[in-house]
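Colleague: Using only what follows, build the 3D model:
(2 chains)
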Amino acid sequence: GNSVTQMEGPVTLSEEAFLTINCTYTATGYPSLFWYVQYPGEGLQLLLKATKADDKGSNKGFEATYRKETTSFHLEKGSVQVSDSAVYFCALRQGGSEKLVFGKGMKLTVNP
Amino acid sequence: EADIYQTPRYLVIGTGKKITLECSQTMGHDKMYWYQQDPGMELHLIHYSYGVNSTEKGDLSSESTVSRIRTEHFPLTLESARPSHTSQYLCASSEYQTASSYEQYFGPGTRLTVT
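Modeller: Predicted coordinates:
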């Protein structure tokens, strides 16, 4: 079946550090891939997405590239801020399905 | 900006009580979902609906029930709350148009504590 594996946290970084959150997936065909973010006390928000191989999603300084050859969708940011402290979820949507499959989430804390 | 609402935001209730968690969206979306989020942050789909009068069980078995009488409203009910139901409950909705436009919109969640 479809699954998403993302690196486990929690992770603590200093402000302006480089961030990478690894995400790999198992799926048939060509799923769409997503990164969602959950700020403290809130629901999830879509951060970025990619719908086909080699697409790059980007938003708020975050980027992720859909790599079909390595079945990966790693999230990166060059310089994190305290306001990036949140839980990050990688997810996939199999074509033809209305459901998302989520990874387990990774909590990021950024200290000043 | 997502227009999906959940009430209450926080609820503390005693064992055995019946509770209903409300979820409403004003986007006219056909598809709606309920997720249970455990303390480790992992999300589990417990119910979903493809439209009015449609309800399906999700990937995680749940003692809760749902109904979908109106497009905009997708309440979740626990007939007899237990401490094991203590969790965060997130409601979401979506409207598929194209693969590039697909997105699930989430409400702010209800944090339920059963004592």
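
Colleague: quick one: residue A:56 from residue B:49, how far?
Modeller: 33 Å (Cβ to Cβ, to the nearest Å). C-betas here are computed from N, CA, C, even on glycine.

Colleague: Excluding chain neighbours, give the residue nearest to the residue nearest the centre of chain B in space.
Modeller: Centroid-nearest residue in chain B: residue B:34, 2.9 Å away (criterion: Cα atoms, centre = their mean). Nearest residue to residue B:34 in three dimensions, chain neighbours excluded: residue B:47, at 4.3 Å (Cβ to Cβ, 6 or more residues apart in numbering or on different chains).

Colleague: Let me see the backbone angles for residue A:84.
Modeller: Main-chain torsions, residue A:84, degrees, to the nearest 10: phi -80, psi 0.

Colleague: How about it: what's its closest non-neighbour residue?
Modeller: residue A:110 (5.4 Å).

Colleague: just residue A:82 next, same as before
Modeller: residue A:110 (5.0 Å).

Colleague: quick one: what helix or strand has that neighbour in it?
Modeller: Following DSSP states H and E, the helix or strand that holds residue A:110 is strand A:106-111.

Colleague: and that strand, what other elements does it pack with?
Modeller: Other helices and strands packing on strand A:106-111, by 3 or more Cβ pairs under 8 Å, 6 or more residues apart in numbering or on different chains; DSSP states H and E, are strand A:11-14, strand A:19-21, strand A:86-93.

Colleague: between those, which one is nearest to residue A:45?
Modeller: strand A:86-93 (9.1 Å; Cβ to Cβ).

Colleague: tell me what that closest one is packed against?
Modeller: Going by 3+ Cβ pairs under 8 Å, 6+ apart, strand A:86-93 lies up against strand A:3-6, strand A:23-26, strand A:32-38, strand A:101-102, strand A:106-111.

Colleague: can you redo these as CSV with mean neighbour count and mean pLDDT?
Modeller: Listed next are those as CSV, based on neighbours: other Cβ atoms under 10 Å in any protein chain shown; pLDDT from 0 to 100:
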stretch, mean neighbour count, mean pLDDT
strand A:3-6, 18, 95
strand A:23-26, 18, 96
strand A:32-38, 25, 96
strand A:101-102, 22, 93
strand A:106-111, 17, 96
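
Colleague: Tell me which residues touch residue B:8, please.
Modeller: B:21, B:22, B:110 (Cβ atoms under 8 Å, 6 or more residues apart in numbering or on different chains).

Colleague: The first one and chain A, how far apart?
Modeller: As for residue B:21, its distance to chain A is 13 Å (criterion: Cβ to the nearest Cβ, to the nearest Å).

Colleague: beta partners for residue A:108?
Modeller: For residue A:108, the beta-bridge partners under DSSP bridges are residue A:11, residue A:86.

Colleague: Okay, now the sheet partners of the helix or strand containing the residue nearest to the centre of chain B, with direction.
Modeller: Using DSSP H and E, residue B:34 sits within strand B:31-37. Its sheet considered, strand B:31-37 pairs with strand B:43-49 (antiparallel), strand B:87-94 (antiparallel) by DSSP bridges.

Colleague: Pull the residues that contact the shortest one.
Modeller: Right, the one you point to is strand B:43-49. A:89, A:98-99, A:102, A:105, B:31-38, B:55-62, B:64, B:66, B:68, B:74, B:76, B:90.
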